[in-house]
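1. got a predicted model here, sequence first, then my questions.
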There are 2 protein chains.
Amino acid sequence: MSKNLTTIQKNIFEFIVDQKIMKGIPPTLAEISNKFGYKNRATAQQHLIAIEKKGYIKKSPKLSRAIEITVEEKFFIPRPILGEVAAGNPLTIYPDAIDSIELPTIVRMPLDSFLLRVKGDSLKDAYIFSGDVVIVNPNHEAQNGHIIVAVLDDAAVVKRFYKRKDRIELVSENPEYKTIVINKNYLKFKIVGVVVGIYRSLEKKVG
Amino acid sequence: MSKNLTTIQKNIFEFIVDQKIMKGIPPTLAEISNKFGYKNRATAQQHLIAIEKKGYIKKSPKLSRAIEITVEEKFFIPRPILGEVAAGNPLTIYPDAIDSIELPTIVRMPLDSFLLRVKGDSLKDAYIFSGDVVIVNPNHEAQNGHIIVAVLDDAAVVKRFYKRKDRIELVSENPEYKTIVINKNYLKFKIVGVVVGIYRSLEKKVG
DNA sequence: TATGTTGCCATACAAATGTATGGTATTATT
DNA sequence: AATAATACCATACATTTGTATGGCAACATA
C-alpha cells in the first residue's frame, strides 16, 4: 500500500532512480545529502526511511548503496527517447493507429536499446498484450515478419513488418485492426527498432 | 586496446557485470572476495587493478562500488534454463540445466530465481504459451491467484494457485484442462516457487 | 490545545570500504 | 637463467558509510 510521496521525498526518490540509470549505482547517503545541500547524512537517511515506509524503495541494512526500487512504475522513467517523437507530445496518437505505446519508458540500457510498454491489443494474436514490456533494438534490421516499432505521423505503433516491392505493410495480428500501408515516398514514417523480446512482470498481478 | 583477461579475471569481471544486472549495484571488494573465497580484500583489489589496466572496467577512487563497465556492455547474457515445466499435463523436470537462453540484461531477474521453459498451453488464457521462459522465485510465498511452479508426483507443473480450507487447487486457465485438487495430507506435492516474470524471445520467430 | 508529520541540524560510533605495502609461490615469457 | 606476470596472503590505516539519538522549527490535523 504505497502512499504518496511528498515533494522532497519524490525528488530524492527520483534522484536515486536517476543515479541508478545514469551512473549504474544508487547513491550513498552522503551523495544524496550533497546533492540536496544537506549538512549531514542523517537528513538523507531519514528521508530514505520515510520513502521506504511508503513502499517505494527497500534498503538492505548495513550495505552501502543497497537501495532497491520496489515500485515498478518508477522503474520506467520519463525520458525523451526519439528526437522526432519526443519533440511533440510523445503520446500523441495517430487517429487511425488504434494501438499506441507509452514512449517515455527507458531503463538503464546497454547500448541504445530500450523498453516500451505496450498499450492496446492489436498484437494479441502475436501473444503481446497491453501492459507487456517489449524490448526494442534499434540496431537491428527489420525483416519481413519481424515485429517492429515505428513512428507514423508522430505516433508510435507496434506492428508486424512486411516490405513489398513498392510499399511497406504494417500488419496487426488482431483481425479487428486493418493493415496500414505505407508508400515508399511517404516521409512521416520511420522504423524505430525491432522487437527482440517481451517481458511481463507478474509480481503485482495477483487476481 | 583491451587485452585478454585471464580466466580468473574473466570470472571476476563477469561477476561484476552479473551483480550489476541482477542486484542493481556492483559489488564491493569484500563481496568479490567472499564470492571467490579470498581471505582479504587486497586480492580482489589487485584483480580489479589488473582488469582496469586491461581496459574492461573503470574505477572511481575512494568510492564504494564505483566500478564502471567500459567494455561494450552485453545486451544479452546467457542464463541456464533448469528444466521444462508443463502448463498442461505434468512433465518431467530435469535435474540439470537443459538449455540456456540469452536473457536481455534489462529483464531484471532476482539472484535467487531460476528459469524454466514452459511446454503446453494450459495457461494460454493467462497469456503464457508453450516455449515461453518463466522466471521462478523459490523464496516467494505463494498466495491465492499466483501462478506457481509445483512438483506433483515427480512432475513439474505451472498452474494458478488457490489455497482452500482443506485443500489446494491448481487451476489451468485453459478450460480444456481440469483443475488439480490436492488434499492437505498428500505428500508428493511441493511448491517450487512463484512465477515472477515471463520472457519470450522473438528473434527466431520470423515468419 | 495537543499531537503527529515533515524537514533539517548536530554529534557519536561501529562497521564497512578502499587503499597501501610487503611477502610467497607458481607460471609464462624472453 | 632471468624477468615479468599472475595469484594469493597478511597487516595496517584513513575515509566512507550506515545507523542511532536528541533537538528544533513549521505546519497540519484532531
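-> Done, it's in. Numbers count the residues shown, from 1 in each chain, chains lettered A, B, ... in the order given.

2. what's the neighbour count on A:R167?
-> Residues near A:R167, counting by other C-beta atoms under 10 Å in any protein chain shown, number 13. The C-beta positions use only the backbone N, C-alpha and C, and glycine is treated the same way.

3. and for A:P61?
-> Other residues close to A:P61 by other C-beta under 10 Å number 5.

4. in which helix or strand does it reside?
-> If you go by DSSP states H and E, A:P61 is not part of any helix or strand.

5. output the below-cut-off pLDDT ranges for chain A.
-> A:1-3, A:21-22, A:71-127, A:129-131, A:133, A:138-139, A:152-156, A:186-188, A:199-207 (pLDDT under 70).

6. how about the residues of it by DNA strand C?
-> A:6-9, A:33, A:36-43, A:46-47, A:50, A:62-64 (C-beta under 7 Å from any atom of the strand).

7. helices or strands up against the longest helix anywhere in chain A?
-> The helix that spans the most residues within chain A, counting by DSSP state H, is helix A:7-22. Where contact means 3 or more C-beta pairs under 8 Å, 6 or more residues apart in numbering or on different chains; DSSP states H and E, helix A:7-22 is packed against helix A:29-36, helix A:41-53, strand A:67-69.

8. and A:A142, that's in a strand?
-> No: counting by DSSP: H, G, I helix; E, B strand; the rest coil, A:A142 is not found in a strand; it is coil.

9. OK, contacts around it?
-> A:148, A:161, A:163, A:191, A:194 (C-beta atoms under 8 Å, 6 or more residues apart in numbering or on different chains).

10. nearest to DNA strand C, of those residues?
-> Taking C-beta to the nearest atom of the strand as the measure, DNA strand C lies nearest A:V194 of the contacts of A:A142, at 37.9 Å.

11. and that closest one, what does it touch?
-> Contacts of A:V194 (C-beta under 8 Å, 6+ apart): A:136-138, A:140-142, A:146-149.

12. same thing with A:N40?
-> A:S33.

13. and it, how far is that from A:V136?
-> Counting by C-beta to C-beta, to the nearest Å, the separation of A:N40 from A:V136 is 43 Å.

14. which of the contacts of A:V194 has the largest number of neighbours?
-> Counting neighbours by other C-beta under 10 Å, A:V149 comes out on top of the contacts of A:V194 with 26 neighbours.

15. pretty sure that residue sits in a strand.
-> Yes: assessed with three-state DSSP, A:V149 lies in a strand.

16. right, and it touches A:V195 too?
-> Yes: taking contacts as C-beta atoms under 8 Å, A:V149 lies within contact range of A:V195: 6.4 Å.

17. find residues that contact each of those two.
-> In contact with both A:V149 and A:V195: A:134, A:136, A:158, using C-beta under 8 Å, 6+ apart.

18. in strands, which of those fall?
-> When DSSP state E is applied, the shared contacts of A:V149 and A:V195 are split such that A:134, A:136, A:158 fall in strands.

19. about what we covered before: out of the shared contacts of A:V149 and A:V195, who's nearest B:Y177?
-> Nearest to B:Y177 out of these is A:V134 (C-beta to C-beta; 28.8 Å).

20. that closest one: neighbour count?
-> Using other C-beta under 10 Å: A:V134 sits among 25 other residues.

21. residue contacts, the nearest residue to it once chain neighbours are set aside?
-> Of all residues not flanking A:V134 in the chain, A:V195 sits nearest, at 4.7 Å (C-beta to C-beta, 6 or more residues apart in numbering or on different chains). Contacts for A:V195 (C-beta under 8 Å, 6+ apart) come out as A:128, A:134-136, A:146-149, A:158, B:202.

22. so which residues on chain A come close to DNA strand D?
-> Counting by C-beta under 7 Å from any atom of the strand, chain A sits next to DNA strand D at A:28-31, A:40-42, A:45, A:59, A:61-66.

23. pull out the buried members of those.
-> Neighbour counting by 16 or more other C-beta atoms under 10 Å in any protein chain shown classes A:28-29, A:31, A:41, A:59, A:64-65 among those as buried.

24. quick one: residues contacting the residue nearest to A:P26 when sequence neighbours are not counted.
-> Among residues not flanking A:P26 along the chain, A:I67 sits closest, at 4.3 Å (C-beta to C-beta, 6+ apart). By C-beta under 8 Å, 6+ apart, A:I67 lies in contact with A:16, A:26-27, A:48, A:57-59.

25. kindly report the same for A:F161.
-> A:142-148, A:150, A:168-171, A:191.

26. C-terminal to the strand or helix carrying it, what's the next element?
-> Assigned by DSSP H and E, A:F161 belongs to strand A:155-163. Heading C-terminal from strand A:155-163, the first helix or strand you meet, by DSSP H and E, is strand A:167-171.

27. now that next one against strand A:155-163, angle please.
-> 120 degrees (axes from the mean of the first three to the mean of the last three C-alpha atoms, to 10 degrees).

28. confirm that the residue nearest to A:V134 lies within a strand, as I assumed.
-> Yes: under three-state DSSP, A:V195 falls within a strand.

29. show me what it is bridged to.
-> A:V136 (DSSP bridges).
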